[in-house]
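Trainee: Need the 3D shape of this:
(one chain, ligands or ions: 5)
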Amino acid sequence: MPSGVPPECVVCREIVFVGTTCCSAVAARGFRILEIRSQGLAKLGAMPQIFRHSTNALAKVSIFGAIFILLAALWAAAELHRSSWNTGQWVERQQPIQFSHKHHTGDDGIDCRYCHTSVETAASAGMPSTETCMNCHKQIWADSPYLEPVRASFRTGKPIEWIRVHDLPDYSYFNHSIHVNKGVGCSTCHGRIDQMPIAFQASTLQMEWCLGCHRNPEKFVRPADRIFDMEWRPENRTSEHVAEGRSLLSKYQIQKSEVLTSCSTCHR
Ligand code: HEC
Ligand code: HEC
Ligand code: HEC
Ligand code: HEC
Ligand code: HEC
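Mentor: Ligands and ions are numbered 1, 2, ... in the order given. You can find the predicted model right below:
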C-alpha cells in the first residue's frame, strides 16, 4: 500500500465508482467502496450482507451455465446449417425412373459426356434427352417394364422430368466448363457417381466448400486427361501431389486466390 494512505483505503487496478465493488479480489472479501479519494484509491466499507456467501457460488454457476447453454445452442445451429437436412447432402432422390449410374458408367463404362453433353462447353452439364436413352434401349432391355416410362416419353414426346439432385440458390453463379477445362474432375465435386445406384449430392455445396478450393486450388487440380477418371484421387494430399498441383496452376493459368475468392466471382 502507498505511504500515507489510510488503512481503510485500498489500491485498485480498475476504475471504480462509489457504491460499486472494487476489483474482484477486494469485493470477494466482502467490501464495497464508500468514497474515491483519488485515482486508484478508494475508501472501502463492509458490504451489507444481502446475499449469503453461498449465493456467490450459485451466481457463478448460473453465469457459466448460461454461457454453456449459449455455446451449445450456437454449436447446434452451426451443425444444423451444415447438416444434410439443410444442404441436401447424401439425400437420395426418388426419380421417375430408377436410373443407375453404377450400371451405366461403372459397369458399362459409358462416358459422362454421352449424356451430359455440354459439361465441357457450358455452365450447365446438360441432361440426356429421351432419344439418348433410346439409342440403346430400342435394343437393350427393349421390353423391360423398368423402361416403360422412357418408352412412354419417346412415344408422346413429353420429356422425362428428372428431379434435381444439386441445386444452388439463384444468387450464386456456377459454371461447369471453366472447372472442367481447368483441371477440376467430376469426382472431386460429385464423388464416386460411378458407384451410385441412385445419384446423391456428395458435397455440401455451401459457400465455405467452394471457398475451400478457391483458396487452395493446388490441392485439387488434376491433369486434363483425368477429368472424367473416377478413380483418380479427388484431392492432392501428399506434398509431392500438391507440388504437381501447383505446377498445373501455372499450366492452366489459374488466377490468384484473391480473385477467385472475391465476392463478385460467384455473386454477379
Ligand atoms: C446414360 C446416361 C448417363 C451417363 C453416361 C451419365 N449420366 Fe449422370 N445422369 C443421367 C441421368 C438420367 C440423370 C438424372 C437422374 C439422376 O439424378 O440419377 C443424371 C444425373 C447426374 C447428376 C445429378 C444431377 C442433378 O440433378 O444434380 C450428376 C452429378 C451426374 N449425373 C454426373 C455424372 C457423371 C460424373 C457421369 C460420368 C461418370 C455421368 N453422370 C454419366 C444420365 C447419365
Ligand atoms: C450406351 C447405351 C445406353 C444408354 C445410352 C442408356 N442405357 Fe440404360 N442400360 C444400358 C445397358 C447396357 C443396361 C443393362 C445394365 C446392366 O445390367 O449393366 C441398361 C439398363 C437400364 C435400366 C435397367 C435397370 C438397371 O439400371 O440396370 C434402366 C432403367 C435404364 N437402363 C435406363 C436408362 C435411361 C433412363 C437412359 C437415358 C438417360 C439410359 N438407360 C441410357 C445401356 C444404355
Ligand atoms: C467444381 C465442382 C464441380 C465439378 C468439377 C463438376 N460439377 Fe457438376 N455440379 C456442380 C454444382 C455446384 C452443380 C449444381 C449447379 C447448379 O445448381 O446450378 C452441379 C450440377 C451438375 C449436374 C446437374 C445439371 C446441371 O448442370 O446443373 C450434372 C449432370 C453434373 N453436375 C455433372 C457433372 C459432370 C459430368 C462433371 C464432370 C465432367 C461435373 N459435373 C463436374 C459442381 C461440379
Ligand atoms: C475443387 C476445386 C473447386 C471447387 C470445389 C469450386 N471451384 Fe470454382 N473454380 C475452381 C478453379 C480451379 C477455377 C478456375 C479459375 C481460373 O480460371 O482462374 C474456378 C473458377 C470458378 C469461376 C469462374 C471464375 C472466373 O473468374 O471466371 C466461378 C464463377 C466459380 N469457380 C464458382 C464456383 C462455385 C459457385 C463453387 C461452389 C458451388 C465452386 N466454384 C467450387 C475450382 C473450384
Ligand atoms: C467461390 C464462390 C463464392 C464466393 C467467392 C463467394 N460466395 Fe457467397 N455463396 C456462394 C454459394 C455457392 C452460396 C450458396 C450457399 C448455400 O446454398 O448454402 C453463397 C451464399 C452466400 C450468402 C448467403 C448466406 C449463406 O452463407 O448461405 C451470402 C450472404 C454470401 N454468399 C456472401 C458472400 C460475400 C460477402 C462474399 C465475398 C466476401 C462471397 N459470398 C463470396 C459462393 C461464393
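Trainee: Up against ligand 5, what does this structure have?
Mentor: Within the chain, the positions lying close to ligand 5 (CB under 6 Å from any ligand atom) are 168-169, 172, 206-207, 210-211, 214, 261, 263, 265-267. Every residue, glycine included, has its C-beta placed from N, CA and C.
Trainee: Buried by neighbour count, from those residues: which ones?
Mentor: If you count burial by 16 or more other CB atoms under 10 Å, the buried members of the residues of the chain next to ligand 5 come out as 210, 214, 266.
Trainee: Against which helices or strands is the lengthiest helix in the chain packed?
Mentor: The helix spanning the most residues in the chain, taking DSSP state H as the definition, is helix 53-82. Helices and strands touching helix 53-82, as assessed by 3 or more CB pairs under 8 Å, 6 or more residues apart in numbering; DSSP states H and E, are absent.
Trainee: mind listing what's buried in the helix or strand that it is followed by?
Mentor: Using DSSP states H and E, the helix or strand that follows helix 53-82 towards the C-terminus is helix 84-87. Taking 16+ other CB under 10 Å as the neighbour-count basis, helix 84-87 is seen to contain the buried residues Thr87.
Trainee: Could you check helix 84-87 against ligand 3 for contacts?
Mentor: No. With CB under 6 Å from any ligand atom as the measure, helix 84-87 is seen stopping short of ligand 3, the closest distance being 11.6 Å.
Trainee: Quote the end-to-end distance of stretch 95-111.
Mentor: Distances were taken as CA to CA, to the nearest Å; on that basis the terminal residues of stretch 95-111 are 21 Å apart.
Trainee: what's next to it, contact-wise?
Mentor: When contacts are defined by CB atoms under 8 Å, 6 or more residues apart in numbering, stretch 95-111 is touched by residues 112, 115, 146-147, 149-150, 160-163, 193-199, 228, 230.
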